[in-house]
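Whatever this is, show me its structure:
(one chain, ligands or ions: 1)
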Amino acid sequence: MANWRLDETLTVEQALAAFAIPEESGGRVAALSISLSEDVSSIPNIEEYLLSCGLQRDGNDPFKADYIVIGGGTAGLAVASRLAENDPNILVVVVEAGYQRDNDPLIDVPGLYGMSVGNTQYDWAYKTVPQPNLDQREISSAAGKVLGGSSAINYMVRMRASSPEYDNWAKFGAGWDWKGLLPYFKKQESYQAPIWGTPQIFPGITKEQDNAARQQEPKFRGHAGPTSSTHNEIYTEVLEPTIKALNNLKIPTNRTPGYGNSTGIFNIATAVNRDTGRRSYAANTYRKLPKARNLIVLTGLCATKLLLKTESGSELVTGVQLVYSNPETSFPGSSELLASKEVILSAGAYNTPRLLELSGIGDPKVLKPLGIDAVIDLPGVGSNLQEHPFFISDFTVKKGVFTFDKLRIDSEYQAAQMAEYREKGTGAYATTVSAYGFITLDKFLTTAEIGDLKKKLDKLINEASSEFYKQQLQIRKDYLDHPGVGDVEIIMVPKAFATQPPKDDTSYMSLCTCIPHAVARGTVHITKNDALLPPAIDPQYLSNEVDTYILTKAAQFLRTISENAELKSYIDAPSSPPADVKTYEQWEAYVRAHTSTVQHPAGTAAMASKELGGVVDSKLLVYGTKNLRVVDMSIVPIHIAAHTLDTAYAIGEKAFAIIAGQDNA
Ligand SMILES: Cc1cc2nc3c(=O)[nH]c(=O)nc-3n(C[C@H](O)[C@H](O)[C@H](O)COP(=O)(O)OP(=O)(O)OC[C@H]3O[C@@H](n4cnc5c(N)ncnc54)[C@H](O)[C@@H]3O)c2cc1C
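This is a model prediction of the structure:
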């Protein structure tokens, strides 16, 4: 699959040179600023490194903090910064395996999105185990390994799911419904609405609808949060006809996807600060919040084990074991960091279960064969993995139609866009993808087909291997009758995306689809008692008839969209899949050969009762522990029809409120 990149003409070296960003001057008072250079050659060992980062200790005593947050990613920096901001008298220490990369074009320049993905200086760059139902392919599974986590490498679109989807979370954890999360969606963002009279307002929206949206805005959107939520400023020539084609196909434009109903097609918000033109992510927003010097961020350090002590029948997590995470310049040995209050595990949906298992928290059937004693018997750890399978189709467009392939085809345009970005922070390089939508199955399946899917779901419900899965399947089935919950995602990417290599002098557009409520449940488990080995990730993509049928028919529907009268005159021909892929069987084979992921893993340390197989309770405390919380996408009990950045921030914000006793839900 192609990278998610606006411009694929640049090598990493060229991009770094073309967009070298000067140091920001001024700005907000920084938290205790650590020198986070990767050059540690003059530092002899890990303990000296910790001292150089600002940690203190008495003599040879262990280093201590009040709160340790493992993972300086999306949710981790949100919860850590809020804790430090709230109480200047406590010390919060974040341990992040990646490095801080301020002013790095591969992160900061929106138009270079995707360029850091797969690069191990930014990304854990995992792969799944071979997927039997995807022609035995190993699917690239990205996860940010850099300060800011996945918010530093993602594609910068921001959204929330529909309210019933969060309301269903509350069936597994009290207070985690739409009402209980909305304050935290608002608290994280500084939102700027699309401007009437510009292409930011997509076709299909009336002035009255726009006015109504503005009046309702204070109820649903935040305007004083740390992270920017804005809209693109330039749009290509295929945008308008695509939206009109979707409207023709009874998919309305939605002006207010953040207000509790995210169905329809919409101009998605972006995590771009329009004043600077740069990516707005956890490391250049949340990390800078605390005014007191009580937040220490350690980078390049990998947490390898939680330190546990049994105390009156449950486990007290006393701290964490750390190693320097760069194998090439590795310091010898490890060090311990102790926590007087809590350890917060925020290492993401792949690495959180990994660290729990390495620490003896998990399923004895997984741990025992690896020689690890299950200190806490929690079979839910690393199970319930849910992902968003993703399929892309490409079309060549007629000569002269403007898409972002112009950056590849027209070197003068490319140079002008680079110059504009360097000078003003605007233009194509300040742009990400705009047109996203979630649709119900009745837009492309008959009532009989949906009825058949319901029967298949009933069968799965009857055969479900656990009560937790059975309840999730029932929710999934109920979504089929809910007009306000999307079953399938549609994305329009205005450039070549699946066709590799794209033809010279040819412009493309891509239509993509994803199934957000896949029935498949996978696993992520360690395979050895070795903290530096990647886990085995097995999402079980398309392992059942329901997911396969929906994704295949959704993929076929992409071609129907391209053939709609509104769009047809812009399109030259299907490119991937080619026009001779026609029958259901051909489509299914093509889908199996090309499906990948949108990179939204969730659910691997799920919030649910212990009896159901949950790992954390509604306060995010790990069962069997007094003071270990999980705060990241792992806690999601059942997946949502949304890109997950805003939800991860909301999890971080709500976790802080819970810990500080400020959560009123
Ligand atoms: C390539 C990509 C594109 C995406 N695009 C979008 C998008 O456009 N819009 C959207 O809404 N969502 C998108 N997502 C999803 C979204 O970004 C994530 O769901 C979300 O950021 C996850 O947040 P998190 O806090 O759970 O984990 P993360 O942000 O990944 O944070 C986990 C952190 O823990 C660190 N860590 C892990 N293990 C250890 C350890 N042992 N010791 C120390 N540190 C450790 C990691 O290095 C990382 O920094 C994308 C994700 C990816 C990977």
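
got the contact list for the helix or strand containing residue 215?
Element membership for residue 215, per DSSP states H and E: helix 207-220. If you take C-beta atoms under 8 Å, 6 or more residues apart in numbering as the criterion, helix 207-220 is touched by 182, 186, 191, 193, 196, 201, 255-256, 258-260. Placement of C-beta: from N, CA and C, glycine included.

Turn these into JSON lines, columns for secondary structure, pLDDT and neighbour count.
Shown next, in JSON lines, are these (DSSP: H, G, I helix; E, B strand; the rest coil; pLDDT from 0 to 100; neighbours: other C-beta atoms under 10 Å):
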{"residue": "182", "secondary structure": "helix", "pLDDT": "98", "neighbour count": "21"}
{"residue": "186", "secondary structure": "helix", "pLDDT": "98", "neighbour count": "20"}
{"residue": "191", "secondary structure": "strand", "pLDDT": "98", "neighbour count": "22"}
{"residue": "193", "secondary structure": "coil", "pLDDT": "98", "neighbour count": "19"}
{"residue": "196", "secondary structure": "coil", "pLDDT": "97", "neighbour count": "13"}
{"residue": "201", "secondary structure": "coil", "pLDDT": "98", "neighbour count": "21"}
{"residue": "255", "secondary structure": "coil", "pLDDT": "98", "neighbour count": "21"}
{"residue": "256", "secondary structure": "coil", "pLDDT": "98", "neighbour count": "21"}
{"residue": "258", "secondary structure": "helix", "pLDDT": "97", "neighbour count": "27"}
{"residue": "259", "secondary structure": "helix", "pLDDT": "98", "neighbour count": "18"}
{"residue": "260", "secondary structure": "coil", "pLDDT": "98", "neighbour count": "19"}
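
tell me the two of these that are most distant?
182 and 196 (25.0 Å; C-beta to C-beta).

picking up where we left off before, quick one: which of the contacts of helix 207-220 is nearest residue 374?
residue 182 (38.3 Å).

In which helix or strand does residue 407 reside?
Judged by DSSP H and E, residue 407 forms part of helix 406-409.

what does the stretch 451-600 of the chain put close to the ligand?
Contact residues, the stretch 451-600 of the chain versus the ligand (C-beta under 6 Å from any ligand atom): 599-600.

neighbours around the residue in the stretch 451-600 of the chain that the ligand sits nearest to, how many?
Closest residue of the stretch 451-600 of the chain to the ligand, C-beta to the nearest ligand atom: residue 599 (3.5 Å). For residue 599, the count of nearby residues is 23 (other C-beta atoms under 10 Å).

Let's see the pLDDT reported for it.
For residue 599, the pLDDT comes out at 97.

same deal with residue 38?
56.

Identify the residue spatially nearest to residue 127, adjacent ones excluded.
In space, and not counting its chain neighbours, residue 127 is closest to residue 138: 4.2 Å by C-beta to C-beta, 6 or more residues apart in numbering.

State the distance from that neighbour to residue 514.
19 Å (C-beta to C-beta, to the nearest Å).

which of those two has more neighbours?
For the pair residue 138 and residue 514, the greater number of neighbours falls to residue 514 (26 against 13), based on other C-beta under 10 Å.

Enumerate every residue touching that one.
Residue 514 makes contact with 388-391, 488-489, 491, 598, according to C-beta under 8 Å, 6+ apart.

Just give me the neighbour total for the residue lying closest to residue 182 once chain neighbours are set aside.
Using C-beta to C-beta, 6+ apart and skipping residues adjacent in sequence, the residue nearest residue 182 is residue 220, 7.2 Å away. Residue 220 has 16 neighbours, counted by other C-beta under 10 Å.

Residue 516 and residue 335, how far apart?
From residue 516 to residue 335 the distance is 42 Å (C-beta to C-beta).

hmm, I was thinking of residue 354
If you go by C-beta to C-beta, the gap between residue 354 and residue 335 works out to 20 Å.

shouldn't residue 133 be in contact with residue 592?
Yes: in terms of C-beta atoms under 8 Å, residue 133 counts as a neighbour of residue 592; the distance is 6.3 Å.

and for these two, which residues touch both?
Joint contacts of residue 133 and residue 592 (C-beta under 8 Å, 6+ apart) are 542, 548.

Looking at those two, which has the bigger crowd around it?
Set side by side, residue 133 and residue 592 show more neighbours around residue 592, with 20 against 17, by other C-beta under 10 Å.

so what's the backbone phi/psi at that one?
Main-chain dihedrals, residue 592, degrees, to the nearest 10: phi -60, psi -30.

Most proximal residue of the stretch 351-500 of the chain with respect to the ligand?
Closest point on the stretch 351-500 of the chain to the ligand, by C-beta to the nearest ligand atom, is residue 351, at 3.4 Å.

Where does that residue fall, secondary structure wise?
Counting by DSSP H and E, the element that carries residue 351 is helix 348-358.

which is the next helix or strand following that helix?
Next in sequence after helix 348-358, counting helices and strands by DSSP H and E, comes strand 361-362.

Adjacent strands (with direction) for that next one?
Note on strand 361-362: by DSSP bridges, its sheet partners are strand 376-377 (parallel).

mean confidence for the partner strand?
97.

now swap in stretch 400-415 and tell me
Stretch 400-415 comes out at a mean pLDDT of 96.

same deal with stretch 214-227?
Rounded mean pLDDT across stretch 214-227 is 98.

How far does it sit from its chain's centre?
The chain centre lies 22 Å from the centre of stretch 214-227; the measure is C-alpha atoms, centre = their mean, to the nearest Å.
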